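1. Model the structure of this input:
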Amino acid sequence: MTIPIAFVICTEPGRLEGQSLMLAESIRQFCGELKDTPIYSFHPRVGEPISKHTQQAFEELQVTHQQVPINQEFHEYYLANKPLVCAYAEQNIDAEILVFLDSDKCFFAEPKEFLLPANCNIRIHPEYGQGVGSTGPQDPQEWYWQKLYAVLGVKRELFVNTPIGNKRIRAYWNSGLVAVRRSAGIFTAWKENFEKVMHTNITPPQGIYFVEQSVLSVTLCSLEENISHFDSAYSYPLPLHNRLSKESRLKAWDDIVSIHYFNLFFYNDWNAQIKNLKNFNRNSDKYQWLCDGVVRHKMPRTSVMHRYMLTVRKIEQKLRVFKLNIQVSNWIEKIANF
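-> Presented below is the predicted three-dimensional model:
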């Protein structure tokens with residue numbers, strides 16, 4: 001029997017275990033009429049299984065977990081898990097609507113926008129900043145998008161505005177929260193296009209890390225779907241709060257439907273980082289619930305030096321666009337012994 005909606009996540013051994021558990025806990029605690037939505041967790045690569053503790057906790061949370069070797073060809077590229085798992089879910093889970101969720105998310109209110117209206121097959125969120133995106137013909141990254149458009153047969157040009165800086169760029173959406181109508185076959189198209197791009201060896205200047213997300217964006221352009229955007233309260237990029245445009249910035253914890261926290265809780269100074277958010281009210285029991293969850297799942301595990309190293313690495317990636325190959329991050333990583 002077809003169910004109305006199902007959530008899909010990826011969980012592999014290590015840090016994703018605690019993240020997926022806290023995500024599932026938040027769904028069961030805060031998602032209102034959607035709190036009992038089936039959650040399907042996939043471990044899509046060959047290797048050691050998730051811990052017995054996580055397996056038992058999933059059972060208690062009524063999360064269906066499977067280790068299925070879905071990602072074999074691109075085993076070394078962990079972000080390939082997303083299009084491959086989503087396509088597998090689309091072909092094997094009998095639900096009207098599928099919602100893929102990155103594990104580094106948490107819910108604090110009922111996500112009513114997951115229930116797509118009849119004239120909408122997909123709802124998604126623009127990428128937070130430009131990243132590998134292109135503003136158009138004069139952008140140094142335009143060549144990458146034109147290659148993708150040519151390979152995937154894009155006939156229409158769409159643009160979105162980024163929450164950071166409100167910059168107009170070629171349609172580039174974040175792949176960490178995607179709601180689709182299963183019958184539209186969007187996830188399967190994403191997988192097929194991802195495989196095609198990987199086989200043609202097209203990668204953006206910043207590296208392979210962004211291929212799965214940019215391919216999803218170009219796939220949506222090629223399908224010519226009616227694309228709807230989530231409200232800014234969904235997948236709110238908490239660590240980026242101070243950088244968001246006025247239109248995208250929230251003012252209080254109780255305004256949030258869900259957060260996207262990236263690597264925030266990976267570092268020992270996570271609480272201080274949250275307290276640095278400008279003009280943001282943390283006076284909420286939901287904030288305390290989150291803090292308790294971060295500690296309970298033992299998420300912080302490294303020094304802030306690692307974050308600085310990643311920042312340097314991002315700068316290095318941007319400089320490569322101008323053919324400047326500087327590798328200070330390798331030296332930092334070696335000295336700090338990460």
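2. send the alpha carbons of stretch 70-88 over as PDB?
-> Extracted in PDB, the C-alpha atoms of stretch 70-88 (Å, rounded to 0.1, in the frame of the first residue of the first chain):
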ATOM      1  CA  ILE A  70      24.400   0.800  -3.900                       C
ATOM      2  CA  ASN A  71      27.600   2.800  -4.400                       C
ATOM      3  CA  GLN A  72      30.200   0.500  -5.800                       C
ATOM      4  CA  GLU A  73      31.500   2.200  -8.900                       C
ATOM      5  CA  PHE A  74      32.100   5.500  -7.100                       C
ATOM      6  CA  HIS A  75      33.000   4.100  -3.700                       C
ATOM      7  CA  GLU A  76      35.800   6.700  -3.000                       C
ATOM      8  CA  TYR A  77      33.400   9.600  -3.600                       C
ATOM      9  CA  TYR A  78      31.100   9.500  -0.600                       C
ATOM     10  CA  LEU A  79      28.700  12.200  -2.000                       C
ATOM     11  CA  ALA A  80      27.800   9.800  -4.800                       C
ATOM     12  CA  ASN A  81      25.800   8.100  -2.100                       C
ATOM     13  CA  LYS A  82      23.100  10.800  -2.400                       C
ATOM     14  CA  PRO A  83      22.000  10.400  -6.000                       C
ATOM     15  CA  LEU A  84      22.500   6.600  -5.900                       C
ATOM     16  CA  VAL A  85      20.500   6.200  -2.700                       C
ATOM     17  CA  CYS A  86      17.800   8.500  -3.800                       C
ATOM     18  CA  ALA A  87      17.300   6.600  -7.000                       C
ATOM     19  CA  TYR A  88      17.200   3.300  -5.100                       C
END
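3. And that stretch, what's buried?
-> 70-71, 74, 78-88 (16 or more other Cβ atoms under 10 Å). Every C-beta, even on glycine, is put in place using the N, C-alpha and C of the backbone.
4. Could you pull up the mean pLDDT of it?
-> In this model, stretch 70-88 has a mean pLDDT of 97.
5. what distance separates it from the centre of its chain?
-> Chain-centre distance of stretch 70-88: 14 Å, with Cα atoms, centre = their mean, to the nearest Å.
6. next one: stretch 80-91
-> Using Cα atoms, centre = their mean, the offset of stretch 80-91 from its chain centre is 14 Å.
7. and which of the buried residues of stretch 70-88 is nearest to residue 138?
-> Ranked by distance to residue 138 (Cβ to Cβ), these are led by residue 79 at 28.8 Å.
8. wait, residue 257 sits on residue 105?
-> No: using Cβ atoms under 8 Å, residue 257 makes no contact with residue 105, being 10.3 Å away.
9. State the distance from residue 70 to residue 25.
-> Residue 70 sits 25 Å away from residue 25, going by Cβ to Cβ, to the nearest Å.
10. swap in residue 144?
-> 39 Å.
11. And for residue 276?
-> 26 Å.
12. more crowded one of these two?
-> residue 25 (20 against 12; other Cβ atoms under 10 Å).
13. Just to check, that one is in contact with residue 62?
-> No: with contact defined as Cβ under 8 Å, residue 25 does not reach residue 62; the gap is 11.5 Å.
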